[in-house]
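**Q** Dropping a prediction and its sequence here:
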Amino acid sequence: MRDGSPVEVEADRMLDGAFRPRAFQWEGRRVTVRSWGRTWDDDAGRHILVMAESGRVFELGYDPLTAAWRLIDRPTMFPPRPRA
């Protein structure tokens, strides 16, 4: 997985082999995961959308070949929603 920046992730491995991140380090702080969203696989590995307790959404990536996690998208990278 080449995109994003390396990140330390605390995750549980489920019986079906899926990961459930509990927390990760971002900008020197521990970010606690409140919920998990969509997951998908591509040539780079597994991608997981997570929502932090703050309500911010992050995309985490896991490369099974290197067992390394990356932070793919940060909340500041999401464009603001247009007003109706």
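**A** Received it, and whenever you're ready, just let me know what you need.
**Q** Quick check: the gap between the residue sitting nearest the centre point of the chain and residue 47.
**A** The centroid of the chain falls nearest to residue 60 when counting by C-alpha atoms, centre = their mean (2.1 Å). Here residue 60 is placed at a distance of 7 Å from residue 47 (C-beta to C-beta, to the nearest Å). For glycine as for every other residue, the C-beta is placed from the backbone atoms N, C-alpha and C.
**Q** Go through the lengthiest strand in the chain and flag the buried ones.
**A** Counting residues, the longest strand in the chain under DSSP state E turns out to be strand 29-42. Of all the residues in strand 29-42, those buried under the rule 16 or more other C-beta atoms under 10 Å are 31, 33.
**Q** Run through the neighbouring helices and strands of it.
**A** Secondary-structure packing of strand 29-42 (3 or more C-beta pairs under 8 Å, 6 or more residues apart in numbering; DSSP states H and E): strand 19-26, strand 45-52.
**Q** can you redo the ones you listed as JSON lines with mean neighbour count, mean pLDDT and distance to residue 11?
**A** Output for the helices and strands packed on strand 29-42, formatted as JSON lines (neighbours: other C-beta atoms under 10 Å; pLDDT from 0 to 100; distance: least, C-beta to C-beta, whole Å):
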{"stretch": "strand 19-26", "mean neighbour count": "16", "mean pLDDT": "95", "distance to residue 11": "4"}
{"stretch": "strand 45-52", "mean neighbour count": "19", "mean pLDDT": "93", "distance to residue 11": "9"}
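**Q** tell me, how many neighbours does residue 7 end up with?
**A** Burial of residue 7 is recorded as 18 neighbouring residues (other C-beta atoms under 10 Å).
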